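[1] sequence plus predicted model, see below.
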Amino acid sequence: MIKLDFQDIYNEHKDKVWSLTSRYVSSQADKEDLFQEVFLKIHQALPKFRGESALSTWIYRITVNTALNFLEKRSRQKKLLDLLSRFSLHEAEEPVEFNDAVWKPLEKLNPQQRMILLLSDVEERKLEEIGTLLKLPLGTVKSTLHRAREIIKKEVMKNGDL
Amino acid sequence: MGTYKAYINQLKEEGTVFDAGKMHARIEAGITRRSRRTKLAMEGMLAGMLVGLVFYYNFYLYIPNSREAMAEYVFQQENIKDDSVMNYVFMD
């Protein structure tokens, strides 16, 4: 049985987790919520960690899965809030200020496309590793990445801010 | 491609502000809240089981108040083994 100290894990991996989570969602509140959610999941799952994979891989997998679920949950919540605000049951939220030139193109990608693009082009992870992390065949990773790049290129061209 | 690379570089620079102290406190609070919630759920489950047990004992075993339970109780007491008798009992 491997004995792992959560505090040590947090200190060692916080920067890597933040690096991914902070680029995956746009608002500061979401970044912090997601980061917290990842470490709560790690804390919860730590007693079950059997050391079959490297700890860093295991943490990265939790981060990726939590991020994917987080964005899907957020988009469901957003749809519901939009619906409620249409019937005046909920006040429409003030748009959060963030760097539009960076975040607008990313908003056009679905959660999986966004994750693959970030892992490959920003975090510079190998495609095989991304496939393992997301449990996807290499071909799917490649085609999703290609599609995501095309969307971003189109959006960047359209905005022309860069 | 140049524009795409410029975009990725900008994305790399984005989201680097990290308040480690604040986040650590948030995680600590989250862990405490979750463990409290787990404890409450466990206590609730135990209390529910206890209430269920008392209910089962009082209203089903001790005081057989429903028609089925009463019939079963009588059958047991009278040692009636033929299930077909039940048809007559429940015939309205």
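    Ah, there it is.

[2] quick one, helices of the chain?
    This is for chain A. Using DSSP state H, the helices of chain A run over A:6-24, A:28-45, A:55-86, A:100-107, A:111-117, A:127-134, A:138-159.

[3] my bad, chain B
    Using DSSP H, helices in chain B cover B:2-13, B:20-56, B:67-78, B:85-89.

[4] and the residue nearest to residue A:66 when sequence neighbours are not counted, how far is that from residue A:60?
    Nearest non-adjacent residue to residue A:66, counting by Cβ to Cβ, 6 or more residues apart in numbering or on different chains: residue A:38, 4.8 Å away. For glycine as for every other residue, the C-beta is placed from the backbone atoms N, C-alpha and C. Distance, residue A:38 to residue A:60, using Cβ to Cβ, to the nearest Å: 10 Å.

[5] now the helices of chain A in JSON lines, with mean neighbour count and mean pLDDT?
    Below are those laid out as JSON lines (neighbours: other Cβ atoms under 10 Å in any protein chain shown; pLDDT from 0 to 100):
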{"stretch": "helix A:6-24", "mean neighbour count": "18", "mean pLDDT": "89"}
{"stretch": "helix A:28-45", "mean neighbour count": "19", "mean pLDDT": "90"}
{"stretch": "helix A:55-86", "mean neighbour count": "16", "mean pLDDT": "86"}
{"stretch": "helix A:100-107", "mean neighbour count": "17", "mean pLDDT": "83"}
{"stretch": "helix A:111-117", "mean neighbour count": "22", "mean pLDDT": "93"}
{"stretch": "helix A:127-134", "mean neighbour count": "17", "mean pLDDT": "92"}
{"stretch": "helix A:138-159", "mean neighbour count": "16", "mean pLDDT": "92"}
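
[6] do stretch A:24-35 and chain B meet at all?
    Yes: judged by Cβ under 8 Å from any Cβ of the partner chain, stretch A:24-35 comes into contact with chain B through A:28, A:31-32, A:35.

[7] please report phi then psi for residue A:125.
    Torsion angles at residue A:125 (phi, psi; degrees, to the nearest 10) stand at phi -90, psi 150.

[8] quick one: it and residue A:116 touch, right?
    No: at 9.5 Å, residue A:125 and residue A:116 do not qualify as touching, with contact defined as Cβ atoms under 8 Å.

[9] residue 54: how many residues sit nearby?
    Reading this off chain A. Using other Cβ atoms under 10 Å in any protein chain shown, residue A:54 is surrounded by 9 other residues.

[10] oops, chain B please
    10.

[11] no further questions, thank you.
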